[in-house]
Each structure stands twice: as structure tokens, then as C-alpha cells.
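J.: Sequence plus predicted model, see below.
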Amino acid sequence: MTWDLHFLGTGAAHAVELGSSAVVLERDGRPLLLVDCGPDTLDRYLAAYGEPPPALYVTHVHMDHVAGMERLFFRLWFDEALRGRTKVFVHAALLPWLQGRVADYPGALAEGGVNYWEAFRLVPCTRGFWHEGLWFDVFPTRHHVQGTSYGLALRGSFVFTGDTRPVPEALAIHGAAGELVAHDCGVVGNPSHTGVDDLEREYPADLRDRMALYHYGSVEDGETLVARGYRIARPGERLALPEPHAPRPTAG
Ligand SMILES: [Zn+2]
């Protein structure tokens, strides 16, 4: 069995040429789970796979991570074979915010007769969630207001931080089993995002060696990170992952 993390986009919110940051977990070349759905994500996803995702995990509700969900609604609702099938996994604390961003506008359809979430299978979670026989851990990150952003981890395989400042306390738990760690990082950090100096201050070398940096500000910034000795993920790139560990009996 092969496992890959396919980066549909790797840019910061303003880095349109790199695409909105979003990844797809693939098993044996087939898409299992999309992480985040920015304004351009659905187009990139459809170009790669030909049909909408079977499942989506939302890290947080900034528009460069959820703006594609309106179009996804239309794509799913008007196809009876797809209607109500795409699971949306989201931390329960994000529900009021996500509702406001994508589902609360009056009249999901101008014709009426349907509520936004009826196009999906909404699965709120807290500690994590089951999907396709796998247990995915969900953990709080540090991005804007406390309790509004959550990373994702598949034990033994990968961690995706989502937008965040460094989270050594979380990676000490979720990045301790040889996982590839996809981490927010630009050349210079700010109150919402990680910079190179943050990585070097907050994380041990063996963890940094397993990182693939994304959410950088431009192509040039990406090359600056490479020149500083880091691996970056590039738009469209697939990074091979270690095989996930079997779920723990206490998971869930
Ligand atoms: Zn954000």
C-alpha cells in the first residue's frame, strides 16, 4: 500500500500563484481526504481527480481555507449520485464560525427548498475522527483567536499543522512517531504564522528534518527556505508518506 500527501496549493493567503494551501491524502493513488477548500481548491482537485472529494477536513475558517465550499455545495447538490455523500469533518468549536462563513446566507439556492448542509454529511469532531478505517487525531493550534484552528495527524504517517504559530507541545505528541510534518512557514513569522527563526527556536533538529514547509509568501520565498536548508512542498507535488500505524484501541 502506498501513501502520499498531494499538495494542491502551498501559498499564503496573498500568494495566489501558489494556490490556496490544501492537501489530499492519497492511498494507492486514490484520494481519501481533502484538507481545506480555498477559492481555487475545487478546480485543482477536479483537475487531478475528475470528481469532487469523498471527504473534507477543515482546519479553520479563514476564507483561503473555506471559500471553495460554496461552489462545492452546488457541485454536490445538483448531482444526485453525490448529494449528501461528501463527509465534512470539522472541530465542533468551529461550527458557529463555519456556519456564518458558508451556510448562513439566506437561501442556499435562489429557488429555495434546500439547506446548505443537506448537500454534505457533516461530522463534527473534538479529539479526532474515524475515516476509512483510520483514526485521525485533531489538535489545537495557534492561529488568531484561541480555539479557532485545529491541525490533523495520522499516527506514524503525517501531521498537517494548518495555519499556525509553532506548536511544539502538539508535535511532541503527534509528531513523535516518524511522521512527515507539513508545517506552516514563511521566511519571516508574524502573530499568526511561523517563520524560519521560529522553527529553529522551537523544534529539535530531528523534527525539523521531517518537515515539509508550505504556506510561504511567493515562489522566491520558497527558494529562500530551501536555501536555508529546508524542504518545501511545491504546488502539485506529491510527497510519499510512511505507512500509518494501526489505530490505538483507545482511539475515538
Ligand atoms: Zn488562516
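T.: Alright, I've got the coordinates.
J.: Let me see the backbone angles for the residue lying farthest from the centre of the chain.
T.: In the chain, counting by C-alpha atoms, centre = their mean, residue 111 sits farthest out from the average C-alpha position, at 32.5 Å. Backbone torsions for residue 111, taken as degrees, to the nearest 10, come to phi -70, psi -20.
J.: Flag every residue of the protein that's near the ion.
T.: 62, 163 (C-beta under 5 Å from the ion). All C-beta spots, glycine's among them, are computed from the backbone N, C-alpha and C.
J.: could you pull out the helices for the stretch 101-250 of the chain?
T.: Secondary structure of the stretch 101-250 of the chain (DSSP state H, counting those that start in this stretch): helices at 168-174, 196-202, 205-208, 219-227.
J.: Quick check: buried residues in the last one?
T.: Judged by neighbour count (16 or more other C-beta atoms under 10 Å), helix 219-227 contains these buried residues: 221, 222, 224, 225.
J.: Let me know the closest of those to residue 144.
T.: Relative to residue 144, the closest of those is residue 221; by C-beta to C-beta it sits at 21.2 Å.
J.: Give the closest residue to the closest one in space, chain neighbours not counted.
T.: residue 187 (4.9 Å; C-beta to C-beta, 6 or more residues apart in numbering).
J.: residues touching that neighbour, list them.
T.: By C-beta atoms under 8 Å, 6 or more residues apart in numbering, the contact set of residue 187 is 195, 196, 216, 217, 221, 224, 225.
J.: And the furthest pair within these?
T.: Maximum distance among the contacts of residue 187 (C-beta to C-beta): 12.1 Å, for 196 and 217.
J.: okay, the contacts of residue 187 in a markdown table with distance to residue 3 and pLDDT next?
T.: Below are these laid out as a markdown table (distance: C-beta to C-beta, whole Å; pLDDT from 0 to 100):
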| residue | distance to residue 3 | pLDDT |
| --- | --- | --- |
| 195 | 29 | 97 |
| 196 | 28 | 96 |
| 216 | 24 | 96 |
| 217 | 29 | 95 |
| 221 | 28 | 96 |
| 224 | 29 | 97 |
| 225 | 24 | 97 |
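J.: how about stretch 117-128: buried residues?
T.: Burial within stretch 117-128, assessed by neighbour count using 16+ other C-beta under 10 Å, is assigned to 117, 119, 120, 122, 125, 128.
J.: wait, isn't residue 150 in contact with residue 59?
T.: Yes: counting by C-beta atoms under 8 Å, residue 59 is a contact partner of residue 150 at 5.9 Å.
J.: which neighbours do those two share?
T.: Shared contacts of residue 150 and residue 59 (C-beta under 8 Å, 6+ apart): 141, 162.
J.: Most proximal residue of the stretch 1-150 of the chain with respect to the ion?
T.: residue 62 (3.5 Å; C-beta to the ion).
J.: Now do the phi/psi pair for that residue.
T.: Here is the backbone geometry of residue 62 (degrees, to the nearest 10): phi -60, psi 150.
J.: got it, and residue 34?
T.: Torsion angles, degrees, to the nearest 10, at residue 34: phi -90, psi 140.
J.: what's the neighbour count on residue 185?
T.: 27 (other C-beta atoms under 10 Å).
J.: before we move on, what about residue 34?
T.: The burial count for residue 34: 27, using other C-beta under 10 Å.
J.: show me what contacts the closest residue to residue 118 other than its chain neighbours?
T.: Using C-beta to C-beta, 6+ apart and skipping residues adjacent in sequence, the residue nearest residue 118 is residue 84, 6.5 Å away. By C-beta under 8 Å, 6+ apart, the contact set of residue 84 is 76, 118, 119, 120, 121.
J.: Check residue 160 too.
T.: 5, 23, 35, 59, 151, 152, 153, 182.
J.: Tell me the most packed of these, by neighbour count.
T.: Result: residue 151 is most packed of those (other C-beta under 10 Å), 30 neighbours.
J.: any idea which residue sits dead centre in the chain?
T.: residue 35 (3.2 Å).
J.: That one and residue 159, how far apart?
T.: 11 Å (C-beta to C-beta, to the nearest Å).
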